[in-house]
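> Here's a sequence, model it:
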Amino acid sequence: MKIIDVLTVPGLTGFFFDDQRAIKAGAESDGFTYKGAAVTPGFKAIRQRGESLGVMLALEDGLWVHGDCAAVQYSGAGGRDPLFVAEAYGAKVTPLLREFFLGRELTGFRQTMADFYAWCGQAGFPRHQALYYGISQAVLAAAATERRETMAETIVREFGLTPNYKPVPIFCQSGDARYDNADKMILKNADVIPHGLINNVKDKLGREGEKLADYISWLRQRVTKIGGSDYKPVLHIDVYGNLGLAFANDMERVAEYLARAADLASPLHLRIEGPVDMEGRDLQIEALAELRQKVEAMGSDVEIVADEWCNTLQDIKDFADHKAGHMLQIKTPDLGGVENLVEAVGYCKTAGLGSYLGGTCNETDQSARVCVNIAVATGPDQMLAKPGMGVDEGLMLVYNEMYRTLAIIQSRK
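The predicted structure follows:
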């Protein structure tokens, strides 16, 4: 089947772009925004609207498919690509996309994307992972539409996977409304909660971690009080490197705190994402590997989740090879093409590390649906409810897409 038209359209994402460096440096909140100037290149304000670029392909049978180019909330930090401005990138890539795709015969997802990447170098196509992310979503949707199958089935067939085809645990994120939104998650029996957004030492972590400790204790009690006796969610909290800031990157003190936090969470299982941020990839790998060894030597079952500096497929492989944490976040927009997401989940499994098909609140409805299909096909340990920070919307979208996809696949048997 041929592609007969190509359009791009600027869109909105489910959240905002935030200047992480400014926030971690203590930027003061001002309602839903922040006071002060941005410090990360490309930002005009510490918080600004999230933008996407839709890539739309028309197939010769008259159907349109699409994907959304989107970037993470904390763009430009942790070794990631710079801020993604939809209008600016759209003007650059639209004529190039039409040059490549117009009149092209689909040759399956993997081959079409391989041809595209080979062409990109010759054509001077802009290098930004958000672009590859959205374009590959559109091509995957086209390949699935051509064969009248779900995107999950296309992935399984083209990558030669042996799927389990079962629900993947869904991880919700609270944003700053970490108490009210945790209640929403508990009432809906979400699998993994609450993210917490502990992105500041003074106001959210506490100088000695006391504020986070109180929050973990509250979560344990709240789960018991309103969740029902059979509800045992995993507690997964992102601290954005702030344990390292609070404890001057003393890994012994950080490890001791992680072990104490796990005791506070018991009998619920605790994961801590991004305990330290060493401001460099190799240093981050070294630090998380050391922390893993230390907490295991203490006999603690707390899990360390890698995020910052674990961006590309090669980063995923290097973190996994060095056992830099117990679980790796596969931050979907940062890996670019969705074929890299498939490989990343598989690599984590082979290396014996947990795989978290994550991403960002700053994605779109379409990128979330594509990620659900990848999760159904590859079976990571958990995936993110996205986009947005409101809990209800992201959880609904991911949950419903997952169970619809599984129902379609089951109906074929």
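> Quick one: list the elements packing against the host helix or strand of E339.
Element membership of E339, judged by DSSP states H and E, is helix 338-351. If you count contacts as 3 or more Cβ pairs under 8 Å, 6 or more residues apart in numbering; DSSP states H and E, helix 338-351 packs onto helix 109-123, helix 129-147, helix 151-159, helix 313-321, strand 327-330, strand 354-357, helix 365-378. For every residue, glycine as well, the C-beta is placed using N, CA and C.
> Out of those, which is closest to D18?
Counting by Cβ to Cβ, D18 lies closest to helix 129-147 out of the helices and strands packed on helix 338-351; the figure is 15.9 Å.
> Give me the angle between that closest one and helix 365-378.
70 degrees (axes from the mean of the first three to the mean of the last three Cα atoms, to 10 degrees).
> tell me the angle of helix 129-147 relative to helix 151-159?
Using the same axes, to 10 degrees: helix 129-147 against helix 151-159 is 90 degrees.
> what's the closest of the helices and strands packed on helix 338-351 to D263?
strand 327-330 (19.8 Å).
> The closest one pairs with which strands, parallel or anti?
Here strand 327-330 is paired, per DSSP bridges, with strand 303-306 (parallel), strand 354-357 (parallel).
> right, so the helices and strands packed on helix 338-351: which one is the most enclosed?
Of all the helices and strands packed on helix 338-351, strand 327-330 carries the top mean neighbour count, a mean of 27, counting by mean count of other Cβ atoms under 10 Å.
> re earlier: how about the helices and strands packed on helix 338-351, which one is nearest A71?
Smallest distance to A71 across these (Cβ to Cβ): 4.2 Å, for helix 129-147.
> and the closest one, what's its mean pLDDT?
Average pLDDT, helix 129-147: 97.
> For that helix, which helices and strands make contact with it?
With contacts defined as 3+ Cβ pairs under 8 Å, 6+ apart, helix 129-147 has these neighbours: strand 47-59, strand 64-69, helix 86-101, helix 109-123, helix 151-159, helix 338-351, helix 365-378.
> need these in a markdown table with distance to D321 and mean pLDDT, can you?
Output for the helices and strands packed on helix 129-147, formatted as a markdown table (distance: least, Cβ to Cβ, whole Å; pLDDT from 0 to 100):
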| stretch | distance to D321 | mean pLDDT |
| --- | --- | --- |
| strand 47-59 | 33 | 97 |
| strand 64-69 | 30 | 98 |
| helix 86-101 | 33 | 95 |
| helix 109-123 | 24 | 95 |
| helix 151-159 | 21 | 98 |
| helix 338-351 | 7 | 98 |
| helix 365-378 | 19 | 98 |
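> Redo the ones you listed as JSON lines? Include distance to L395.
Formatted as JSON lines, the helices and strands packed on helix 129-147 follow (distance: least, Cβ to Cβ, whole Å):
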{"stretch": "strand 47-59", "distance to L395": "19"}
{"stretch": "strand 64-69", "distance to L395": "19"}
{"stretch": "helix 86-101", "distance to L395": "26"}
{"stretch": "helix 109-123", "distance to L395": "28"}
{"stretch": "helix 151-159", "distance to L395": "19"}
{"stretch": "helix 338-351", "distance to L395": "20"}
{"stretch": "helix 365-378", "distance to L395": "11"}
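> Out of those, the one nearest E401 is which?
Nearest of these to E401, taken as Cβ to Cβ: helix 365-378 at 4.3 Å.
> Restricting to C-alpha, output the closest one in PDB.
The C-alpha trace of helix 365-378 is given here as PDB (Å, rounded to 0.1, in the frame of the first residue of the first chain):
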ATOM      1  CA  ASP A 365      -3.100  10.600  23.700                       C
ATOM      2  CA  GLN A 366      -1.700   9.000  20.500                       C
ATOM      3  CA  SER A 367       1.900   8.400  21.800                       C
ATOM      4  CA  ALA A 368       0.300   6.900  25.000                       C
ATOM      5  CA  ARG A 369      -1.800   4.500  22.800                       C
ATOM      6  CA  VAL A 370       1.200   3.400  20.800                       C
ATOM      7  CA  CYS A 371       3.200   2.800  24.000                       C
ATOM      8  CA  VAL A 372       0.300   0.600  25.300                       C
ATOM      9  CA  ASN A 373       0.600  -1.500  22.200                       C
ATOM     10  CA  ILE A 374       4.400  -1.800  22.700                       C
ATOM     11  CA  ALA A 375       3.800  -2.800  26.300                       C
ATOM     12  CA  VAL A 376       1.300  -5.500  25.400                       C
ATOM     13  CA  ALA A 377       3.700  -6.900  22.800                       C
ATOM     14  CA  THR A 378       6.900  -6.800  25.000                       C
END
